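Trainee: model this:
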Amino acid sequence: MSVTTFSIRPANASDADEISGLITGWAHHYLEDPPPPEAAVFLATLTPSATAERIGSPSFRYYVAEDAGAIVGVIALREGFHLYHLFVREDAHGRGIARLLWERAKSESGSPSFMVNSSLPAIPVYERFGFVATESAQSKNGLVYVPMAYEDEG
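Mentor: Numbers count the residues shown, from 1 in each chain. Reported below is the predicted structural model:
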C-alpha cells in the first residue's frame, strides 16, 4: 500500500461490520488485562449493529479511510467535539491516515475544542495532533485511558 492511494469519505451503515472489526481488533490496547466482567457492557457498544446505529445517529459523524475498497481507518466524533473513535489498521500505520482522518473530522466539526479518552499506546499520536493530557490514567469499566483535550490555536 502506498501513501497516496487511500481516500476519506463519510461512513455509512453498510460499513458497520468492517468498522466494528477494526475497532474490536484493538481491544487489547484499551482494556484491562484480563478484561473484567463489566467490560462486556462496553464491548457490546462495538458490535456491528451498535456501530450502524451510531453511524445513523445525528449525534455522531463517522469518516473512513479506504484503500483498494477496504477500510483501513475510521474516526468518529460525538456531539462535534468528543473524538469518540480513531483507529487505523496496523498494516496501514505510518501513512498519515490518522492525521488526515483527524484533519477532516476537525475541519467539518466547526468546533475549536475537542476531547478524547486516549488509550495508553495512542497518547503520542494525540500529542502530535496537539492534544494534552488533562488527568492521569483512569480505569473505568475495564477501560484504561488518559483524558486529553485539544484547543485550536488558530
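Trainee: pLDDT-wise, which helix or strand of the protein ranks last?
Mentor: Here the helix or strand of the chain ranked lowest by mean pLDDT, DSSP states H and E is helix 27-30, holding a mean of 76.
Trainee: so where do the helices sit in the protein?
Mentor: 16-24, 27-30, 39-44, 48-55, 97-109, 123-129 (DSSP state H).
Trainee: looking at the ones you listed, which is closest to Tyr150?
Mentor: The closest of these to Tyr150 is helix 123-129. By Cβ to Cβ, the value is 6.7 Å. C-beta coordinates here come from the backbone N, C-alpha and C atoms, glycine included.
Trainee: which parts of the closest one are buried?
Mentor: 123, 125-126, 129 (16 or more other Cβ atoms under 10 Å).
Trainee: so, low pLDDT: which residues of this structure?
Mentor: Applying pLDDT under 70 to the chain picks out residues 1-4, 154.
Trainee: ok, 50 please
Mentor: Low-confidence segments of the chain, defined by pLDDT under 50, span residues 1-3.
Trainee: buried sites along stretch 55-71?
Mentor: 55, 60-67, 71.
Trainee: which one of those sits closest to Arg78?
Mentor: Of these, the one sitting nearest to Arg78 (Cβ to Cβ) turns out to be Phe60, at 5.5 Å.
Trainee: got the contact list for that closest one?
Mentor: By Cβ atoms under 8 Å, 6 or more residues apart in numbering, Phe60 lies in contact with 54, 76-78, 84.
Trainee: tell me the one of those nearest Ser107?
Mentor: Leu77 (11.2 Å).
Trainee: what pairs with that closest one across the strands?
Mentor: Arg61, Leu83 (DSSP bridges).
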